[in-house]
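> Okay, sequence plus prediction incoming.
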Amino acid sequence: MENENQNVPVEQPSNAGGVNGNDSKDFVKFDSYKKALDEKKRAQDDAMQMRDELEKFREQDMKRKGKTDELLNAKDKRIAELESLIKTKDQTYTWSSLTKEIKTEAIKSGCKNPEKLIKLMSDDDLKELSQNINDDFTINGEALKNVIEKNKQENYFLFESSNKKVVNGNPTTKIEDDAKDLSKLSLDELKALHKKTYK
């Protein structure tokens, strides 16, 4: 029994969400929001179903009245609308896939801001990549690497420089024994010391 009491969650005050009793801001509880959202979805589904039934009723009525030309025109119009919708969705998904793969490859190549890189890419580069998209909405890897490398040269400021030199060794705190008083050195000796220190 004592163990069970230890696992009881801490009670939250009634204003745990940051809303105190004196606040005049309106807020909606999650349950109410979810209920309203479900009702909206149900109403949209019902409206779609009623629209489909109405469309079928109109088609049957037109067939009965012998208005086949009007029926065919209405069907052609609906087919054109659906084709346009599919084309738009296809283009949106293609662009989304394209930008995702460009960002991934750019980050691998050391790009610090892949979104800016996409904005700076030429239309020809984007067109080349869009022509190399496979049926499964992936880009030909070689074409993508070529475009990234080209843009890496053109937009070098967006990429981390890969030629950073790293000194492999341990730091030393040891002071050289041959430390000299700089005020007593000639100009040539100062230059030589500078060259030796900052190679």
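The structure has been received and is ready for your questions.
> Which residue is the nearest non-sequential neighbour of Gly110?
Excluding the flanking residues, the one nearest Gly110 by Cβ to Cβ, 6 or more residues apart in numbering is Glu160, at 4.3 Å. Heads up, the C-betas are built off the backbone N, CA and C, glycines and all.
> Now do that neighbour, the pLDDT please.
Note on Glu160: pLDDT of 82.
> and it, how many neighbours?
9 (other Cβ atoms under 10 Å).
> Next: Lys29.
9.
> circling back to that earlier point, would you check that the residue nearest to Gly110 makes contact with Ser109?
No - if you go by Cβ atoms under 8 Å, Glu160 and Ser109 don't touch, sitting 9.2 Å apart.
> Quick one: the helices in this structure, in order.
In the chain, the helices defined using DSSP state H lie at 2-6, 30-65, 68-108, 114-120, 123-131, 141-154, 187-197.
> Now tabulate the ones you listed in CSV and tack on mean pLDDT, distance to Asp181 and mean neighbour count.
Listed next are these as CSV, based on pLDDT from 0 to 100; distance: least, Cβ to Cβ, whole Å; neighbours: other Cβ atoms under 10 Å:
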stretch, mean pLDDT, distance to Asp181, mean neighbour count
helix 2-6, 50, 72, 6
helix 30-65, 85, 76, 10
helix 68-108, 87, 53, 13
helix 114-120, 89, 53, 15
helix 123-131, 85, 61, 14
helix 141-154, 87, 50, 15
helix 187-197, 83, 11, 10
